[in-house]
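1. from the sequence below, what's the structure:
(chains A and B)
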2 protein chains.
Amino acid sequence: MSNFSIQKFIADRRDGNLNSQEDISQFCQEIAKGSIPDYQISAWLMAAYLKPLSLEETTDLTIAMAESGSQLNLTGLPKPWVDKHSTGGVGDKTSLVILPLLASMGLTMVKMSGRGLGITGGTVDKLQSVAGFRMDLSADELLAQAKKIGIAITGQSQSLAPADKVLYALRDTTETIASIPLIVSSILSKKFASGADIIVIDVKCGSGAFMKTLTQAKELKHWLEKIGEQAGRIVACHISDMDQPLGEAVGNAIEVQEAISVLKNQDGSASRARFKQLVLSLASATAVTARIAQSYEKGMELAIHHLESGLAELKAQEWFRAQGAADLAVAIEPLPSAGLKAKQSGWIQHIDAERIGQAVLELGGGRKAKDDTIDPQVGILLSKPIGHQIAKDEALLTVKARTLKQAQDVAHSLELAVLVSPTPIPVPALLIS
Amino acid sequence: MSNFSIQKFIADRRDGNLNSQEDISQFCQEIAKGSIPDYQISAWLMAAYLKPLSLEETTDLTIAMAESGSQLNLTGLPKPWVDKHSTGGVGDKTSLVILPLLASMGLTMVKMSGRGLGITGGTVDKLQSVAGFRMDLSADELLAQAKKIGIAITGQSQSLAPADKVLYALRDTTETIASIPLIVSSILSKKFASGADIIVIDVKCGSGAFMKTLTQAKELKHWLEKIGEQAGRIVACHISDMDQPLGEAVGNAIEVQEAISVLKNQDGSASRARFKQLVLSLASATAVTARIAQSYEKGMELAIHHLESGLAELKAQEWFRAQGAADLAVAIEPLPSAGLKAKQSGWIQHIDAERIGQAVLELGGGRKAKDDTIDPQVGILLSKPIGHQIAKDEALLTVKARTLKQAQDVAHSLELAVLVSPTPIPVPALLIS
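-> As a prediction, this is how the structure comes out:
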């Protein structure tokens, strides 16, 4: 039936020729069927890394991966239907607040979420620290709940974009991760398969994110939006700062607790305020994209109202209960802890997001390999973000660990991760672009 | 013990950084042990194709592959010990004559030979058309025979350069064959492992060879000689024309028959004379390299003497008998045949080596896939090489096949493979460089 030749497909890529739409489609179908050996796929991946796909090819690949497995059928759901995604960062629990906030504002929020790997935690892992919270909703359950209360989340289905799963697993072990076209097609294929009208992407940028520089983040944003456009979807990207951790908590249960605190309008540290600011900014921008606000300022008014009036909290409570939790709450164990104090007064100059993320990983709060189990209770708490004043002996951070020695060791190892300047430091922009 | 990381090794190649000697060595050891998954090896291969290895890295890879398995120990063999290799061409039966010729001149000729694949036949396949000829000598048998009569050949041991076997099989399916450093390391690793002092390589160049252009062939020659130099071996390369088939026979039994005819000083067609000329030229050059002649001219005198006096024939007879054949002879079956005649008188302008090779493959005389069996009796006979005069209705070629229809069909399909010019055509150079 088809003339697809995997060897010609590899040779075309290798020589910098275009892979045709038909060949790309066949490639993904064959991958999903398991009929192409891994070693041929990985030869193509390395060729694609060194001879990057064009915008058109990336669009073809994204659609082909989305069509390689089952796809969610959203017919009958209230519109507009919004999916919110983050490229991942240290302490990034934004989804936990923005989903119920936007749902309370009238949007339908349905999310399929992956597990975390490395220093960036996954939403699935965070919510699994809530007793009873089900992350295994079937497609039918997911849609029924979204239809009823406007918000639902589940772990990623194995049958969604199976070609992406194969490619991603191979990229992970063949040093072909850091290719913009491959990253973009991987992110968007799953979003396309799960059918959203509007895809909002928080592109994290800085030492605690995959995109380390603004140039890289801007290129990713450009590609994500372009591929969305070419495929007829609305993809709205926002670049936010991840040079320091987001919010006050980095861990699992403690991040859920911080999110709940924001939903409950409980004032906290300056770090928590910074996190709330990002939630409101992204919600405002999304309100404009989804046409429930005419301007960013109107969107901000609406978002603040829904958050501060308790409407978002009510929606979150409804959500947690619908998915099996007893209430909008998470159990926090009183673990041994150790603090790191400022040795001088001054202004916070630097908080190394990557090292903080790495420390939580070492504590057991993240996954180094795919099958690692996570300790939901351990983590690190911060109080002040960059640019804020701090007094001598004031706590810079607190480490929660399974043993006191471990907490002390980790706190000690982070001495150079937080720097205090004797002279004022400007507060860096949060939402960059 | 070792810090080798396959992921770092792949990333270094991908980024155009050098792979260290230690890493390359470890890579080959791990491949030989089977402990690196194919998909990681093939990602490295594609990176190596697009970011080619340096001369130093290629030397390291060649030595590491040679050391990845067992190696022949030649201590005690009469010196100098010469290995002759061809990069493969259509009708190339040079080894069958040059081995006994050089052995009769006093050199020790020991060869491990591979099987043919595609349009270029292998020496193993050719000799297996001789009843009783053993190609499965053990290393001990090989060395004992070489010590006794100065000449021995065997099929390639599975334990020789096992890392090369793995890499070669993967290159074949991942479109990473055509890389000079990978080709060179593959050829020389087996030669290094089999221990020769002097490695003579006939680099074939033209439509019937892997290297299609003189530029490519010269580059290959340069690399082969350089790597030899860096590894402390004498590698002498000669580039010879393969734009037309070599000699009058293309097949298996008929090529052995042609080689025996040359050893027996039986005059034949102009095509056979051209083959004899190559044998003498390569033998003369090798005599100089091995220091048994002071000049090419002296080498030529010596070679002609040993061939025409019957000394080479006697050595060949000794050789054939030592390896199990009844005599220096091959059985030829009288198969159905069909000829292709010149439609006009003139000069042979073109004989498409690739198409002739392909035709023999179609007849069953070659191997399309690794496990195909070969029909030793089929083949194509030519009479005159390019530049020679031909009369109207004189035979251009004769096809020997299993059925008359097949012979006629193949002869018909080759009508455009041999062109006759009404005006004189110069005889092209045989030994190019």
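
2. which of the three states applies to A:Val200?
-> strand (DSSP: H, G, I helix; E, B strand; the rest coil).

3. which residues touch it?
-> Applying Cβ atoms under 8 Å, 6 or more residues apart in numbering or on different chains to A:Val200 gives the contacts A:82-85, A:236-238, A:282, A:285-286, A:289. Any C-beta I mention is one placed from the backbone N, CA and C, and that applies to glycine too.

4. same thing with A:Ala217?
-> Contacts of A:Ala217 (Cβ under 8 Å, 6+ apart): A:203-205, A:209, A:211, A:239, A:432-433.

5. where does pLDDT dip in the stretch 51-200 of chain A?
-> A:116-117 (pLDDT under 70).

6. and it, which of its residues are near chain B?
-> By Cβ under 8 Å from any Cβ of the partner chain, the residues of the stretch 51-200 of chain A that approach chain B are A:51, A:170, A:173-176.

7. again, only this time at 10 Å
-> A:51, A:169-176, A:178 (Cβ under 10 Å from any Cβ of the partner chain).

8. stretch A:289-308: how far from the chain's middle?
-> Computed by Cα atoms, centre = their mean, to the nearest Å, the chain-centroid distance of stretch A:289-308 equals 22 Å.

9. er, stretch A:110-130 I mean
-> 8 Å.

10. separation between the most centrally placed residue in chain A and A:Glu354?
-> Among the residues of chain A, the one closest to the centroid is A:Ser86, at 3.0 Å (Cα atoms, centre = their mean). Separation of A:Ser86 from A:Glu354 (Cβ to Cβ, to the nearest Å): 16 Å.

11. before we move on, back to that, ok, which pair from the contacts of A:Ala217 is furthest apart?
-> A:Ala209 and A:Ser433 (13.9 Å; Cβ to Cβ).

12. in the stretch 201-350 of chain A, where is pLDDT below threshold?
-> Checking the stretch 201-350 of chain A against pLDDT under 70 turns up nothing.

13. name the helix or strand for A:Thr62, please.
-> helix A:55-66 (DSSP states H and E).

14. so how far is B:Gly379 from the residue nearest to the centre of chain A?
-> 67 Å.

15. what sits against the closest residue to A:Ala139 other than its chain neighbours?
-> Nearest residue to A:Ala139, sequence neighbours excluded (Cβ to Cβ, 6 or more residues apart in numbering or on different chains): A:Leu72, at 6.0 Å. By Cβ atoms under 10 Å, 6 or more residues apart in numbering or on different chains, A:Leu72 lies in contact with A:81, A:110, A:112, A:139, A:142-143, A:157, A:160, A:193-196.

16. all helices of the stretch 251-400 of chain A, in order?
-> Counting by DSSP state H, counting those that start in this stretch, the stretch 251-400 of chain A has helices at residues A:253-263, A:270-289, A:296-308, A:311-322, A:353-363.

17. highest average neighbour count across those helices?
-> helix A:253-263 (a mean of 25; mean count of other Cβ atoms under 10 Å in any protein chain shown).

18. ok, back up a step: filter the residues of the stretch 51-200 of chain A next to chain B down to the ones in helices?
-> If you go by DSSP state H, those have A:169-174 in helices.

19. please pick the buried ones from these.
-> A:170-171, A:173-174 (16 or more other Cβ atoms under 10 Å in any protein chain shown).

20. can you put these in TSV and add distance to A:Lys298?
-> Formatted as TSV, these follow (distance: Cβ to Cβ, whole Å):
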residue	distance to A:Lys298
A:Leu170	46
A:Arg171	42
A:Thr173	48
A:Thr174	48
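
21. of all the helices of the stretch 251-400 of chain A, which one comes closest to B:Gln317?
-> helix A:353-363 (74.0 Å).

22. restrict the closest one to CA atoms and write it as CSV.
-> Only the C-alpha atoms of helix A:353-363 are listed here, as CSV (Å, rounded to 0.1, in the frame of the first residue of the first chain):
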residue,chain,number,x,y,z
ALA,A,353,16.9,27.3,41.4
GLU,A,354,18.8,24.4,39.9
ARG,A,355,20.7,23.6,43.1
ILE,A,356,17.5,23.9,45.2
GLY,A,357,15.7,21.5,42.8
GLN,A,358,18.7,19.1,42.9
ALA,A,359,18.6,19.2,46.7
VAL,A,360,14.9,18.3,46.9
LEU,A,361,15.7,15.5,44.4
GLU,A,362,18.4,14.3,46.8
LEU,A,363,16.0,14.4,49.7
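
23. and that helix with helix A:253-263, angle?
-> 120 degrees (axes from the mean of the first three to the mean of the last three Cα atoms, to 10 degrees).

24. check which helices and strands helix A:353-363 sits against.
-> strand A:249-251, strand A:379-382, strand A:395-400, helix A:404-413 (3 or more Cβ pairs under 10 Å, 6 or more residues apart in numbering or on different chains; DSSP states H and E).

25. could you redo the last one with a cut-off of 7 Å?
-> Contact analysis of helix A:353-363 by 3 or more Cβ pairs under 7 Å, 6 or more residues apart in numbering or on different chains; DSSP states H and E lists strand A:249-251, strand A:379-382, helix A:404-413 as its packing neighbours.

26. highest average neighbour count across these?
-> strand A:249-251 (a mean of 30).

27. so A:Gly98 is in which element?
-> Gly isn't right for residue A:98; it's Ile. helix A:94-104.

28. for the stretch 51-200 of chain A, which residue gets nearest to chain B?
-> Minimum separation of the stretch 51-200 of chain A from chain B (Cβ to the nearest Cβ) falls at A:Thr174, amounting to 3.7 Å.
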